[in-house]
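Enquirer: heads up, no residue letters with this:
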């Protein structure tokens, strides 16, 4: 993928999880295979933009360990508080999905401490995306972000909306159960 497309993609995504890649680069992102992804990052091993895009790609595809690895590279390579807040918010989402609630809480709190406005902007952008293109995974991601920001009632509402759109969507059901058990 050309560096300009990586930059465009990362600027639109702000490194958070959304249901679908940005339309302008969706074909290029979709063309990446699990073997090509590490090779792309190897071109510039400490480039935070490349690793941020790759981490988001891996997160969207369910490769949480790969996403964590690349998000950690971004944290090492870039000290911008807004970018770090986005990365920690994304890590909080991943750790919630993995059921590692203490680590999720730690990363979510770190994101809010670094730049709460960036986290709230991410939530707002994700809300707008799922309102325009409603789907269960999108509302699930919104719920995870809201949960990480301590917006528990709003997170519950997002998980319920995911289940209204797809009653068989297990991750949203599991997230609701975790909220009910106080695991957030």
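Expert: Here it is on my side, so go on. All of these numbers come straight from a predicted model, not from anything done at the bench.

Enquirer: Residue 176 - nearest residue in space that isn't next to it in sequence?
Expert: Among residues not flanking residue 176 along the chain, residue 159 sits closest, at 4.7 Å (Cβ to Cβ, 6 or more residues apart in numbering). C-beta coordinates here come from the backbone N, C-alpha and C atoms, glycine included.

Enquirer: count of residues packed around that neighbour?
Expert: Neighbour count of residue 159, defined by other Cβ atoms under 10 Å: 28.

Enquirer: so it makes contact with residue 174?
Expert: No - in this structure, residue 159 is not within contact of residue 174 by Cβ atoms under 8 Å, at 9.1 Å.

Enquirer: before we move on, back to that, moving C-terminal from whatever helix or strand the residue nearest to residue 176 lives in, which element do we reach first?
Expert: Using DSSP states H and E, residue 159 sits within helix 152-165. Sequence-wise, the next helix or strand downstream of helix 152-165 (DSSP H and E) is helix 170-180.

Enquirer: Return the set of buried residues in that following helix.
Expert: 171-173, 175-176, 178-179 (16 or more other Cβ atoms under 10 Å).

Enquirer: That one - contacts with which helices or strands?
Expert: If you count contacts as 3 or more Cβ pairs under 8 Å, 6 or more residues apart in numbering; DSSP states H and E, helix 170-180 packs onto helix 81-97, helix 136-148, helix 152-165.

Enquirer: average model confidence for the first one?
Expert: The one in question is helix 81-97. The average pLDDT within helix 81-97 is 93.

Enquirer: Contacts for stretch 85-93 next, please.
Expert: 14-17, 52, 55-56, 59, 67-68, 71, 74-75, 104-105, 107-108, 110-112, 114-116, 118-119, 122, 141, 144-145, 148-149 (Cβ atoms under 8 Å, 6 or more residues apart in numbering).

Enquirer: That'll do, ta.
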